[in-house]
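Asker: Sequence first, then the predicted structure, then my questions.
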Amino acid sequence: MIHVKDLSVSFSDVRVLHDVSFDVATGESFALVGESGSGKSTILKALAGQLPAFTGTLRIGEDNDTDRPFSARDRARQVQMVFQDPYGSLHPRRTIDDTLNEPLLIHGLPDRDSKVIAMLDAVGLPRRFRFRLPHQLSGGQRQRVAIARALMLNPPVLLLDEPTSALDVSVQAEILNLLKSLREEKNLTFLLVTHDLPVVSFLCDRLAILHAGRIVETANTEALRSGQLSSSYGQELFQRSVYG
Ligand SMILES: Nc1ncnc2c1ncn2[C@@H]1O[C@H](COP(=O)(O)OP(=O)(O)OP(=O)(O)O)[C@@H](O)[C@H]1O
């Protein structure tokens, strides 16, 4: 469902990703972990079509034709992103209804009212919130709206960029539970960027550890849980996470 082969990216002649390769199967949840600046978000941006220049091969969603790049419109039906800060990613003067309707309008899809209501139910938002503005919602409720918006076109893949790190700890658990159940219900494929190893344990099947723009290890989450990561950098991250 996601294929990344030899992805390299430079900004102003500074190489920030070096031949990054990994695959994520349909329905799998895969994490990219590593410290700030290691290149995690740049990988997501490349997959979301937001980088003007890179080398390597990328495939995402139901795309088997490498010769024909996705149009922005096709890509939107295959992959959507959820960001760290739900407040920043929602338009302050658009109601929740406007926000959820927008992708349906752009793609000319019918039955918009019923789809919006069904999506509010799916992400656990009361229907009465439909005509509210983002500032009238809590941080967790806003992140539910952002997840709902990402799912309006039924994409098979979600790119999740630190989706809970801006939220209070108690709310983080609710959003993680929501993501987990939506993935099961809709057989979604997740690519998640995080600093937070417990989040990886909870939500992911496998992970890649990035260091200075290179993948130093790919492992099953089981190896993470049991402290069995094989690279020295992976061990270091694990120790830091366990012992603070
Ligand atoms: N548009 C850009 N122009 C120049 N340099 C950039 C740009 N975007 C990212 N970088 C640089 O690329 C490197 C990787 O950044 P990236 O945001 O992918 O890291 P990250 O692992 O996601 O970090 P964080 O966890 O802090 O978000 C960093 O050194 C960053 O400064």
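Answerer: The structure has been received and is ready for your questions. Numbering: from 1, shown residues only.

Asker: all contacts plus neighbour counts: C-alpha atoms, from now on.
Answerer: Noted.

Asker: Grab the longest helix from this structure for me.
Answerer: In the chain, with assignment by DSSP state H, the single longest helix is helix 169-186.

Asker: Report the buried residues of that one.
Answerer: Under the neighbour-count criterion of 16 or more other C-alpha atoms under 10 Å, helix 169-186 has 171-173, 175-176, 178-180, 182-183 buried.

Asker: Please apply the same query to stretch 137-148.
Answerer: Buried residues in stretch 137-148 (16+ other C-alpha under 10 Å): 139-148.

Asker: For it, what is the distance to the chain centroid?
Answerer: Relative to the centre of its chain, stretch 137-148 is centred 15 Å away, using C-alpha atoms, centre = their mean, to the nearest Å.

Asker: What of stretch 116-125?
Answerer: 19 Å.

Asker: Tell me which residues are up against that stretch.
Answerer: Defining contact as C-alpha atoms under 8 Å, 6 or more residues apart in numbering, one finds that stretch 116-125 is touched by 97, 100-101, 126-127, 130, 141, 144-145, 147-148, 152, 178, 182.

Asker: What does the pLDDT read for the most centrally placed residue in the chain?
Answerer: Nearest to the mean C-alpha position of the chain, by C-alpha atoms, centre = their mean, lies residue 160 at 1.5 Å. At residue 160, the model reports a pLDDT of 97.

Asker: For the helix or strand where it lies, name the packing helices and strands.
Answerer: Per DSSP states H and E, residue 160 falls inside strand 157-161. Contacts defined by 3 or more C-alpha pairs under 8 Å, 6 or more residues apart in numbering; DSSP states H and E place strand 157-161 against helix 40-47, strand 79-82, strand 189-194.
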